[in-house]
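J.: how does the following fold in three dimensions:
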Amino acid sequence: MIRGVQYSKPLAAGAAAVAIAGSMMIWQHHELSAKISEQRRRAAIAESNLEGEVAAKSMYESEYLNALREQMSRSRVQLGDEGTWGRLVRRLGDRWSAEPGQLDRKGGQSTRYGTMRLLSPTVTDWAKIVEAVTNSEEIPGVGIAELEMKTSGSRDRRTLDLVRILIAIQTSRTGENPSAAR
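T.: All right, here's what the predicted structure looks like:
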């Protein structure tokens with residue numbers, strides 16, 4: 001037969017106090033861990049936001065701005081002037097018919113698209129067509145936007161029906177010196 005268990009009240013009270021204190025420490029540990037995790041998450045978000053802002057503002061650093069200024073000055077030197085279309089027409093010669101397009105003005109520059117068509121082309125004109133494209137691109141401000149060639153006939157007998165070059169001419173605004181504008 002088992003007799004009742006004997007225990008000391010002060011010892012039982014001390015054990016209960018230790019158990020309560022241990023539970024409180026575990027609860028505080030978890031609460032503190034949750035707060036630290038939340039602070040780390042907020043810090044990571046703030047860090048990524050700051051990195052984004054720094055990256056966005058890096059385009060305003062002096063090296064980047066100097067490279068942009070240099071690129072703009074090269075671009076201005078490569079612009080044509082008001083007489084570029086006339087020089088191009090004279091350089092290509094009488095066999096080409098010129099159709100100037102509309103002039104599109106934006107800021108200090110303007111762009112004109114025009115069409116050059118070769119009159120009565122033949123297949124033997126191929127070297128002259130290549131030379132015309134090369135000569136056109138040597139003029140400042142002139143670029144070839146499109147080259148169209150149409151042929152007809154059979155595999156053995158082919159004729160050249162059309163040669164059309166779409167020219168884009170970029171010029172500086174009237175009265176502005178392209179090399180002096182910086």
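
J.: helices along the chain, start to end?
T.: 9-57, 62-77, 84-92, 126-138 (DSSP state H).

J.: could those helices go into CSV alongside distance to Leu119 and mean neighbour count?
T.: For every residue, glycine as well, the C-beta is placed using N, CA and C. Output for the helices of the chain, formatted as CSV (distance: least, C-beta to C-beta, whole Å; neighbours: other C-beta atoms under 10 Å):
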stretch, distance to Leu119, mean neighbour count
helix 9-57, 55, 10
helix 62-77, 34, 11
helix 84-92, 11, 17
helix 126-138, 12, 14
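
J.: looking at the ones you listed, which has the lowest confidence?
T.: Comparing mean pLDDT across the helices of the chain, the weakest is helix 62-77, with a mean of 72.

J.: circling back to that earlier point, turn the helices of the chain into CSV, including distance to Leu160.
T.: Listed next are the helices of the chain as CSV, based on distance: least, C-beta to C-beta, whole Å:
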stretch, distance to Leu160
helix 9-57, 54
helix 62-77, 36
helix 84-92, 17
helix 126-138, 8
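
J.: where's Lys128 relative to Lys35, distance?
T.: 81 Å (C-beta to C-beta, to the nearest Å).

J.: make that Val18, sorry
T.: 26 Å.

J.: and what of Gly14?
T.: Taking C-beta to C-beta, one finds Gly14 at 31 Å from Lys35.

J.: please apply the same query to Glu99.
T.: Counting by C-beta to C-beta, the gap from Glu99 to Lys35 is 75 Å.

J.: can you check Glu70 too?
T.: Counting by C-beta to C-beta, the separation of Glu70 from Lys35 is 52 Å.

J.: what does Val123 give?
T.: Val123 is 83 Å from Lys35, by C-beta to C-beta.

J.: and if you look at Met24?
T.: For Met24 relative to Lys35 (C-beta to C-beta), the value is 16 Å.

J.: then Tyr60?
T.: Taking C-beta to C-beta, one finds Tyr60 at 38 Å from Lys35.

J.: try Pro100
T.: Noted for Pro100: a distance of 73 Å to Lys35, by C-beta to C-beta.

J.: domain assignment for the protein?
T.: As recorded under automatic domain parsing, the domains making up the chain are 9-59, 80-172.
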